[in-house]
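S.K.: Kindly return the folded structure for what I paste below:
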Amino acid sequence: MGLFKDIDDADSKYYFNLKTNTVERGLVSDADHRMGPYETEEVARAALERAKARNEEWEEDDKKWNG
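M.R.: The predicted structure follows:
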């Protein structure tokens, strides 16, 4: 086992493919089209929605911060 467990175990992780909007197990697609790694298929499936929600929260925080 190396220093970076996510890289060492990449084929056992789940990724969300931004191009096809599907969940993949392992390093199937190019890195440009992947979000992850995630421990479960369910978490990978929700990745895009979670990122969108975080972005909206950060934008709201920025508005409050900037007045």
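
S.K.: And the helix or strand containing residue 57, what's buried?
M.R.: Residue 57 belongs to helix 47-66 when elements are defined using DSSP states H and E. Neighbour-count burial for helix 47-66, counted by 16 or more other Cβ atoms under 10 Å, picks out residue 47. From N, CA and C alone the C-beta is placed, and that goes for glycine too.

S.K.: Averaging pLDDT per element, find the lowest-scoring helix or strand in the chain.
M.R.: helix 5-8 (a mean of 58; mean pLDDT, DSSP states H and E).

S.K.: Quick one: residues in contact with the very next helix or strand once past it.
M.R.: Using DSSP H and E, the helix or strand that follows helix 5-8 in sequence is strand 14-17. Strand 14-17 has contacts (Cβ atoms under 8 Å, 6 or more residues apart in numbering) with 22-29, 33-41, 43-45, 47-48.

S.K.: Looking at those residues, which are in strands?
M.R.: Judged by DSSP state E, the contacts of strand 14-17 include 22-25, 34-38 as members of strands.

S.K.: Check those and tell me the two furthest apart.
M.R.: 22 and 37 (15.2 Å; Cβ to Cβ).
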